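K.L.:
This is a predicted model, with the sequence first.
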Amino acid sequence: MSLPASVHRRSPLLLTFGIAAVLLIVFAVFTQVWTDKLWFDSIGFGQVFSTELLTRLVLFAGIGALMAVLVGGNMWLAIRLAPPARSGGESAVLEAYRRMLEHNGKFAVAIPALALGVLAGMSAVGETLPVLAWINAVPFGQVDPTFGLDYKFYVFELPIWQSFLSFLMTSLVFSLIGAVVVHFATGGLRAVRATGRPQLSQAARVHLSILAGVLLVLYGLQSLLDRYAMLLSQGTLFTGIHYTDDHSRIGAKLVMAVISFLVAGLFFANPILKRGIYPAAALVLMVVSGLILTLIYPAVVQSFVVAPNQPDKENPYMQRHIDMTRQAFGIDDTELTDYEAVTQVQAGQLKADAEALPGIRLMDPAVIGPTYEQLQQVRGYYTFPEALDVDRYMIDGKETDVVVAAREMNLSGLPDQNWNNIHTVYTHGYGLVIAYGNRRQTDGQPEWIVRDIPPVGKLPDHESRIYFGEQSTQYAIVGREQGQDPIELDTPNGRSNVYAGKGGVPIGDPFTRALYASKFMDVNLLLSDRVNSQSRILYNRTPKERVQEVAPWLTVDSNIYPAVVDGRTVWIVDAYTTSSSYPNSQLVNLRNSAADTQSRAVGAQVDANINYIRNSVKAVVDAYDGSVTLYAWDEADPILQAYARAFPGTVQPKSAITPDLLNHLRYPEDLFKVQREILGRYHMTNPYTWYAQSDLWQVPNDPVKANTDAKEPPYYLSIKWPKDKSPVFSQTTVFVPKGRSNLASYLSVVAEATSPDYGKLRVLRMSDTHQIDGPGQTFNAINTDPKVAERLRPFLNQGAASATYGNLLTLPMGNGLLYVAPIYTMRQGNTGSYPALAFVVVRFGAHVGIGNTLQQALDEVFAGSAGADTGERPTGTPSPTPSGTASPSATPSGTAQPNNPAAAAQLEKAQQAFVAADAALRKGDLATYQAKVNEAKAALAEALKLMGR
């Protein structure tokens, strides 16, 4: 029978479309793979690309082929075993399939086999990193007490064996289904209408019995593996092995494995016995036994043995779980000290803590972002992050806590957002802006250490251009041929620049340009004359994605920070090795554990369950050329060692860290957040106390952020721990009892990488004899204090300004706990307004003090004299009001009168102007208020000039 002519006429066209579609798919795959290779080569991590690609190809081909061979082979075997005489008439569909098997058997077998093979191969590609870690695994040097196996087995090997067994069972199930379908179609298996029972040919019986037997063997092996997996499963109380597991489920799994092997033997013997009733009955008995052994018996043990005596029965298992959880999260060496915090105050109480006072950070990096934006943005096409960062620099020979931010390119602020501007002109940001953390100018602005474009200040000259940063989400084309004019905007004064770094992929040849035009779906890469023989394309420009690309086995911290290191602007990225298969350790969600009020600004962590974490790597990304350097930080971490062997040469030893870089490394935030979450319960090391949950701690909600139930973030501060000789840069947080608001404990970790105590976790546990107010109670007391209300009334009642609290810091000082919060004011209804530091409020015990400076607030609390100098400017300098205007409430009367009649006259003039401004503000006369404030500022500036300041 010939086909219609119209079909023949359409066939070449359909064939052409089919070939074109295949070529298009091949080109798209080639484009992705080849451009990835070019990118990895350009960054110096070509080995990572080749190792991953080769492993993916092997897994895809190997697992895919195994699935295809098992399914296709068994279907082909079923065809070969078809009986010579076949009866027809069962159904039209069955007849059609039978004819296809007879006339085109290869096609009928190949299609399902290849389809399942491709799906299996694609699934196997997702196991690339675990397979590489398994191949290169190293021992932990510790064994679990249940089976006596090194932790290496649970972290590296057990997940691979479980995945492989699951794949084999899935393959055998599909093979069995395919064989049954073919046998049914070819007559080897058919239903006898009289009895309704299936009837098998001898060949089909042998084939299907062997497949069923092999499937049961695999099930038995899986049951054996499930015994070890109990150390990783979530039980009634915790993650790990429980009493019922140890005394019933482990034995039940072993018995089930033996039963499945015996039943498999019956299926293997069935071709000889020729009595299908025996293996079928055995299979039914196996299912019944499984229900009794794995469900009913453990439930009986749990209900009648464990539940009435749970604390005693589970005691050794709880102790094991507590110890291994503390070990897995690195909190096993936490130093816990009982702290009898005093609440009484007396003059000179902070004398012993004098060194720590200048380290109290008044510039809140979560608040003053708009201040940086308004004062240092320079142009609308620059921007700063919403939350700034805290770092340390040697300023005037002294380590100083600072607030730092990178001035990056803000493409949404371009006056004309065309292709040339976005990709070839506005290519980079420029410079860091750094301010003292504990100082402010007289008008409340930050006191700058580094500012402006090009950067000026107290740091040596360094490369300040930022081609790679957190805001660099678009690709950029850089590079010009000799003799061509530069086109990149370098500084706002119109100076242009030609990129001279080694970063990016060269795209000077037409073929590479075509590949990238296809990759980014942008024909301008082919048409633009600005793409020339010397051009490079910069992409994957954010530091986080660069680290994740070159080290996909790492989880990066959600908050990275910029620094000037060895004359370069770099991004420092903390990175973690994690696992969810550390034996007997509690599973926690990384995203939830690291979430707090800061997460919205810096980004959320990955949504993954983990029960082991190490800050194994410190990564550095050069802001100019994008180069990535990975340094081993926790060199003893077995997971780091495994991946370092899988990708040799990609991780530099810890000894390669330069002294300047070491000075800027700090304890990572997300690790500390996870550890504090674990410590909330696992500070209790006694199983009975842990079980009773009688001393649960929790991180309080951030009291400063209204209408939110998010946790208070930890803070970087230089604090002096009780009995220590000097302050040290630390990360701190507090706990309150579960469901209460009073303070339970104070936690800090030494965050200074140069300190021999780096990473040391220390806890001050509050006394049970008297209550210490927590952050929420303290913030409420501050808000309702009459002195505070009186000082803030001029800013809140007139509607022209607003007051914003900064971070409520907690510090162990004066044998008690000191709370400090800066207060910022900002003019309303003005697009150019920004937060300016106006007041500092302090609370110790029940005593609240507020002043224009920290010194004033402390002296007010501690009976007129705190006994130590905060290192601020003289207390008489005026404090700021909205957007930098001086406050009439702060007069220069507190400053010692100079031995200079002219200066004294100017100070008197300033004071009178402040008084007049104060009166005008109370009347609501903002015009007069502003005029008098400006007059006071001018007089004060003249006085300072006359005094030589």
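P.N.:
Everything's here; your move. Numbering: from 1, shown residues only.
K.L.:
burial measure for P822, as a count.
P.N.:
27 (other CB atoms under 10 Å). (Glycine included, C-beta is placed from N, CA and C.)
K.L.:
how much space is there between it and A913?
P.N.:
According to CB to CB, to the nearest Å, P822 stands 26 Å off from A913.
K.L.:
same deal with A608?
P.N.:
60 Å.
K.L.:
same thing with V602?
P.N.:
For V602 relative to A913 (CB to CB), the value is 43 Å.
K.L.:
Now do stretch 815-826: distance to the chain's middle.
P.N.:
29 Å (CA atoms, centre = their mean, to the nearest Å).
K.L.:
Let me fix that, I meant to ask about stretch 501-519.
P.N.:
The chain centroid and the centroid of stretch 501-519 are separated by 31 Å under CA atoms, centre = their mean.
K.L.:
can you tell me the average pLDDT over that stretch?
P.N.:
Averaging pLDDT along stretch 501-519 yields 94.
K.L.:
Equivalent analysis for stretch 563-574, please.
P.N.:
On average, stretch 563-574 scores 96.
K.L.:
What residues of that stretch count as buried?
P.N.:
Of all the residues in stretch 563-574, those buried under the rule 16 or more other CB atoms under 10 Å are 563-565, 568-574.
K.L.:
So what would you say the end-to-end distance of it is?
P.N.:
13 Å (CA to CA, to the nearest Å).
K.L.:
Same check on stretch 683-691?
P.N.:
12 Å.
K.L.:
What of stretch 651-670?
P.N.:
Span of stretch 651-670 from end to end, CA to CA: 22 Å.
K.L.:
From the chain's centroid, how far away is that stretch?
P.N.:
Computed by CA atoms, centre = their mean, the chain-centroid distance of stretch 651-670 equals 19 Å.
K.L.:
Now that stretch: buried residues?
P.N.:
Those would be 651-652, 657, 661, 663-670, for stretch 651-670 by 16+ other CB under 10 Å.
K.L.:
From the buried residues of stretch 563-574, which land in strands?
P.N.:
Among those, the members falling in strands are 563-565, 568-574 (criterion: DSSP state E).
K.L.:
If you count contacts, what does the helix or strand hosting L119 end up packed against?
P.N.:
L119 is part of helix 105-125, with elements assigned from DSSP states H and E. Here helix 105-125 touches helix 46-80, helix 92-103, helix 158-186, going by 3 or more CB pairs under 8 Å, 6 or more residues apart in numbering; DSSP states H and E.
K.L.:
Including distance to K705, could those helices go into JSON lines?
P.N.:
Output for the helices and strands packed on helix 105-125, formatted as JSON lines (distance: least, CB to CB, whole Å):
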{"stretch": "helix 46-80", "distance to K705": "41"}
{"stretch": "helix 92-103", "distance to K705": "65"}
{"stretch": "helix 158-186", "distance to K705": "40"}
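K.L.:
would a markdown table of those with distance to A943 and mean pLDDT be doable?
P.N.:
Output for the helices and strands packed on helix 105-125, formatted as a markdown table (distance: least, CB to CB, whole Å; pLDDT from 0 to 100):
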| stretch | distance to A943 | mean pLDDT |
| --- | --- | --- |
| helix 46-80 | 63 | 95 |
| helix 92-103 | 101 | 70 |
| helix 158-186 | 72 | 93 |
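K.L.:
Save the ones you listed as CSV, and put in mean neighbour count too.
P.N.:
Shown next, in CSV, are the helices and strands packed on helix 105-125 (neighbours: other CB atoms under 10 Å):
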stretch, mean neighbour count
helix 46-80, 18
helix 92-103, 14
helix 158-186, 19
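K.L.:
and of those, who's closest to E860?
P.N.:
For these, distance to E860 was read as CB to CB. The smallest value, 58.8 Å, belongs to helix 46-80.
K.L.:
helices or strands up against the closest one?
P.N.:
helix 5-43, helix 105-125, helix 128-135, helix 158-186, helix 202-229.
K.L.:
Which among the ones you listed is found nearest to K932?
P.N.:
Using CB to CB, those put helix 5-43 closest to K932, at 59.1 Å.
K.L.:
Point out where the stretch 351-500 of the chain drops to low pLDDT.
P.N.:
By pLDDT under 70, the stretch 351-500 of the chain has no low-scoring segment.
K.L.:
As a check, name the ranges of all strands in the stretch 601-750 of the chain.
P.N.:
In the stretch 601-750 of the chain, the segments counted as strands under DSSP state E, counting those that start in this stretch are 609-610, 612-622, 628-632, 651-652, 697-698, 715-719, 728-737, 745-750.
K.L.:
Could you export the ones you listed as a markdown table, including mean pLDDT and distance to S767?
P.N.:
Below are the strands of the stretch 601-750 of the chain laid out as a markdown table (pLDDT from 0 to 100; distance: least, CB to CB, whole Å):
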| stretch | mean pLDDT | distance to S767 |
| --- | --- | --- |
| strand 609-610 | 96 | 35 |
| strand 612-622 | 98 | 32 |
| strand 628-632 | 97 | 42 |
| strand 651-652 | 96 | 46 |
| strand 697-698 | 96 | 15 |
| strand 715-719 | 94 | 20 |
| strand 728-737 | 96 | 13 |
| strand 745-750 | 97 | 11 |
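K.L.:
P446 is nearest to which of the ones you listed?
P.N.:
The minimum distance between P446 and the strands of the stretch 601-750 of the chain falls on strand 715-719, with 16.6 Å, by CB to CB.
K.L.:
Name every strand pairing with that closest one and say which way it goes.
P.N.:
Its sheet considered, strand 715-719 pairs with strand 728-737 (antiparallel) by DSSP bridges.
K.L.:
can you give me the offset of the partner strand from its chain's centre?
P.N.:
Put simply, strand 728-737 sits 20 Å off its chain's centre (CA atoms, centre = their mean).
K.L.:
From one end of stretch 497-510 to the other, what's the distance?
P.N.:
Using CA to CA, first and last residues of stretch 497-510 are 25 Å apart.
K.L.:
Which positions within that stretch qualify as buried?
P.N.:
497, 499, 501, 503-505, 507.
K.L.:
just curious, which of those residues is nearest to I322?
P.N.:
Nearest to I322 among the buried residues of stretch 497-510, with distances taken as CB to CB, is G503, at 48.3 Å.
K.L.:
Mind checking what secondary structure that closest one has?
P.N.:
Recorded secondary structure, G503: coil (DSSP: H, G, I helix; E, B strand; the rest coil).
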